[in-house]
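>>> okay, here's the prediction I keep looking at, along with the sequence it came from:
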Amino acid sequence: MKKALSLSLVLLLAAAAAFAHGGHGHTYMGSVTMLHDDGSFMMQTTGGKEITVLTSEDTAYAHSDGHAAKRSELAVGMRVVVKMTTDGKTAASVKIGSAKNG
Amino acid sequence: MTRRTKATLGGIAVVTIVIIVGCAIMLRHGFSAHDEPTAIERIAARTARHWAVPADLRRVKNPVPLAPQVLAEGRAHFADHCAICHGNDGKGKSGMGTQMYPRTPDMTLAATQTLSDGEIFSIIENGVRLTGMPGFGSGTAESAYESWSLVHFIRHMPKLTPAELAEMEKLNPKSPEEWEQMQFLEGSDPR
């Protein structure tokens, strides 16, 4: 009986799943204006807004032709398309353009 | 009343209480695809998926011989039709896949790679009920060939090279916004 009760409790806890919330994974187009040592960088969007993009070890870097890139290839003035994670906190992917601004 | 009967009735009572409390919690909070599937749901879904595959198909080996051309066809087909949810690398980290319920699986892992050829074929052809996986089969020989090519490609996924991923990127369907982003990266100014 005790075993059945313990099992039921475990099942009940499993049924009461956490209620996490996500977003729509915003995308920013713009140019890199500043690089930080912690991996984050600042960019000016095509709408003229200056934003800071936080990155994580899951952030994927790629060139516009789809080939994998490295964070170290980012430079000030480069055009980038940044897709944020669904929670909007860090970049899911950073695509690096062949063109440079300025 | 025997001890066994008492234990059975006790078990039924506990399960009933669990179901009632579980339903009450769900009704209070509602249902959302943001939640992670519970262990019970995972087990039930995997079991249902297993039994959904026709028994004689479960043991079938891929009848299409593996060749570079077949693998290339499977890769191109996957990039065009499947990657939107599964991602080019099959890890399920796409915008769609990460928000589905259940999430699209990482197909490079054992949970997928240990499925038989026939099971993977059946999932592609017939889909999986109550998930985002549609049934793509049309019952034709062409459809079967495409699905068996995909089985080869899925088996190859853990060994995908950067060059293959770049090739797939070119084949992914693109929305007008994504075309604009590509052009922007290549130097065009947005409209």
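Perfect, I can see it now.
>>> can you name the residue of chain B nearest to chain A?
When distances are taken as C-beta to the nearest C-beta, chain B reaches nearest to chain A at residue B:169, 2.7 Å away. Quick note: C-beta positions are derived from backbone N, CA and C, even for glycine.
>>> tell me the phi and psi of that residue?
Residue B:169 adopts backbone torsions of phi -50, psi -40, taken as degrees, to the nearest 10.
>>> I'd say it and residue A:64 touch.
No - applying C-beta atoms under 8 Å as the test, residue B:169 and residue A:64 come out as separate, 9.3 Å apart.
>>> between those two, who's got more neighbours?
residue A:64 (22 against 19; other C-beta atoms under 10 Å in any protein chain shown).
>>> quick one, grab the pLDDT at that one.
For residue A:64, the model assigns a pLDDT of 88.
>>> so it makes contact with residue B:185?
Yes - Residue A:64 is within contact range of residue B:185, at 3.9 Å (criterion: C-beta under 8 Å).
>>> overlap in contacts of these two?
Common neighbours of residue A:64 and residue B:185 (criterion: C-beta atoms under 8 Å, 6 or more residues apart in numbering or on different chains): A:95, A:96, A:97, A:98.
>>> these in strands, which ones?
A:95, A:96, A:97, A:98 (DSSP state E).
>>> which among those residues count as buried?
A:95, A:96, A:97 (16 or more other C-beta atoms under 10 Å in any protein chain shown).
>>> just those that are near chain B?
A:95, A:96, A:97 (C-beta under 8 Å from any C-beta of the partner chain).
>>> what bridges to the closest residue to the first one other than its chain neighbours?
Spelled out, that is residue A:95. The shortest distance from residue A:95 to any non-neighbouring residue, by C-beta to C-beta, 6 or more residues apart in numbering or on different chains, is to residue A:81 (4.4 Å). With DSSP bridges as the criterion, residue A:81 is bridged to residue A:29, residue A:95.
>>> isn't residue A:81 right next to residue B:185, touching?
Yes - in this structure, residue A:81 is within contact of residue B:185 by C-beta under 8 Å, at 6.1 Å.
>>> shared neighbours, the two?
Common neighbours of residue A:81 and residue B:185 (C-beta under 8 Å, 6+ apart) are A:95, A:97.
>>> thinking again about what came up before, tabulate the ones next to chain B among the buried ones among the ones in strands among the shared contacts of residue A:64 and residue B:185 (TSV), appending pLDDT.
Shown next, in TSV, are those (pLDDT from 0 to 100):
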residue	pLDDT
A:95	95
A:96	95
A:97	92
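>>> including distance to residue B:47, could the shared contacts of residue A:64 and residue B:185 go into a markdown table?
Shown next, in a markdown table, are the shared contacts of residue A:64 and residue B:185 (distance: C-beta to C-beta, whole Å):
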| residue | distance to residue B:47 |
| --- | --- |
| A:95 | 41 |
| A:96 | 45 |
| A:97 | 48 |
| A:98 | 50 |
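>>> so where do the helices sit in chain A?
With helices called from DSSP state H, chain A shows them at A:2-15.
>>> quick one, strands of it?
A:27-35, A:41-45, A:50-53, A:60-63, A:78-84, A:91-100.
>>> wait, which of the ones you listed is closest to residue B:151?
Evaluated with C-beta to C-beta, the strands of chain A place strand A:60-63 nearest to residue B:151, the distance being 26.5 Å.
>>> now do that closest one: which elements does it pack against?
Strand A:60-63 is packed against strand A:91-100, with contacts defined by 3 or more C-beta pairs under 8 Å, 6 or more residues apart in numbering or on different chains; DSSP states H and E.
>>> what residues are up against residue B:154?
Counting by C-beta under 8 Å, 6+ apart, residue B:154 has contacts B:74, B:78, B:90, B:107, B:112, B:120.
>>> of those residues, which fall within the contact range of chain A?
Of those, not one also sits near chain A (C-beta under 8 Å from any C-beta).
>>> show me those residues that map onto helices.
B:74, B:112, B:120.
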